[in-house]
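Undergrad: What would the 3D arrangement of this be:
(chains A and B)
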Amino acid sequence: DGGITQSPKYLFRKEGQNVTLSCEQNLNHDAMYWYRQDPGQGLRLIYYSQIVNDFQKGDIAEGYSVSREKKESFPLTVTSAQKNPTAFYLCASSAQGDTQYFGPGTRLTVL
Amino acid sequence: RKEVEQDPGPFNVPEGATVAFNCTYSNSASQSFFWYRQDCRKEPKLLMSVYSSGNEDGRFTAQLNRASQYISLLIRDSKLSDSATYLCVVRGSNYQLIWGAGTKLIIKP
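TA: Numbering: from 1, shown residues only, chains lettered A, B, ... in the order given. Here you go, the predicted structure:
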């Protein structure tokens, strides 16, 4: 089955903790993206990567970090510097310039 | 002014009716336009791209009006399963996607 997987589905974080969200795709897409969605708002771009070993900040990168060591994987770390991390996190991938396809998302809650 | 604006709704529509909603965008250099559908607590899924000449896919019709900078989505013969949030997406000149906050549609039996 081709697609994008994200794990975990639900994640709880204590104040001051770093957590890492997983995103894997087997669609052979070059580009991958991380978005954050808050209630009543559109998706906001956190980071994106158009090729392995390269990534760019999106509109709201502060408090987040990413890596792209493999084409299939684009993990997102939510650091303790992110003051309001509770949100729905969505990973997407695309062939260059083409339609974006999304994983099922991770719901992160700060306790 | 937001780059992509949508009426948040909800639009409450009886089953079988026709419903339409618009989305306005601020950047006249925008390149591509899309409608995505998002079910509650799920990921967005592409519904259709919007072409300059307009396009139709079954009960769904999308239109682009570049002069007035809006796109529209028309749903005919609405089904209960059409209940969802519809997200308007615009690709800007830097190829990044700008997302609207969505319009919530509720189809009632």
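
Undergrad: Enumerate the positions of the helix or strand bottoming out on mean pLDDT in chain A that are buried.
TA: Least confident element among the helices and strands of chain A, by mean pLDDT, DSSP states H and E: strand A:10-13 (a mean of 92). By neighbour count with 16 or more other Cβ atoms under 10 Å in any protein chain shown, strand A:10-13 contains the buried residues A:11, A:13. Bear in mind the C-beta positions are built from the backbone N, C-alpha and C, glycine included.

Undergrad: Same question for stretch A:89-96.
TA: Of all the residues in stretch A:89-96, those buried under the rule 16+ other Cβ under 10 Å are A:89-94.

Undergrad: Same question for stretch A:33-51.
TA: A:33-37, A:42-50.

Undergrad: can you tell me which of the residues you listed are in helices?
TA: With helices defined by DSSP state H, no entry of those lies inside them.

Undergrad: Including distance to residue A:61, could those residues go into a markdown table?
TA: Listed next are the buried residues of stretch A:33-51 as a markdown table, based on distance: Cβ to Cβ, whole Å:
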| residue | distance to residue A:61 |
| --- | --- |
| A:33 | 12 |
| A:34 | 9 |
| A:35 | 12 |
| A:36 | 10 |
| A:37 | 16 |
| A:42 | 17 |
| A:43 | 14 |
| A:44 | 10 |
| A:45 | 9 |
| A:46 | 6 |
| A:47 | 6 |
| A:48 | 10 |
| A:49 | 12 |
| A:50 | 15 |
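
Undergrad: can you list the residues of chain B near chain A?
TA: B:4, B:8, B:34, B:41-46, B:49, B:87, B:95-102 (Cβ under 8 Å from any Cβ of the partner chain).

Undergrad: following the least confident helix or strand of chain A, which helix or strand shows up next?
TA: Counting by DSSP states H and E, the next helix or strand C-terminal to strand A:10-13 is strand A:19-25.

Undergrad: worst-scoring helix or strand of chain B, pLDDT-wise?
TA: Scanning chain B with mean pLDDT, DSSP H and E, the lowest is strand B:97-99, at a mean of 90.

Undergrad: Give me the sheet partners of that one and which way each runs.
TA: Paired with strand B:97-99 in the same sheet, following DSSP bridges, are strand B:84-91 (antiparallel).

Undergrad: So which bits of the partner strand are buried?
TA: In strand B:84-91, counting by 16+ other Cβ under 10 Å, buried: B:84-91.

Undergrad: about what we covered before: strand partners (parallel or antiparallel) of the least confident helix or strand of chain A?
TA: strand A:106-110 (parallel).

Undergrad: what angle do the strand it pairs with and strand A:19-25 make?
TA: Interaxial angle, strand A:106-110 versus strand A:19-25 (axes from the mean of the first three to the mean of the last three Cα atoms, to 10 degrees): 180 degrees.

Undergrad: Hmm, residue B:6 and residue B:105 touching each other?
TA: No: taking Cβ atoms under 8 Å as the definition, residue B:105 is not a contact partner of residue B:6, at 11.3 Å.

Undergrad: hey, what's in contact with both of those two?
TA: B:21, B:86 (Cβ atoms under 8 Å, 6 or more residues apart in numbering or on different chains).
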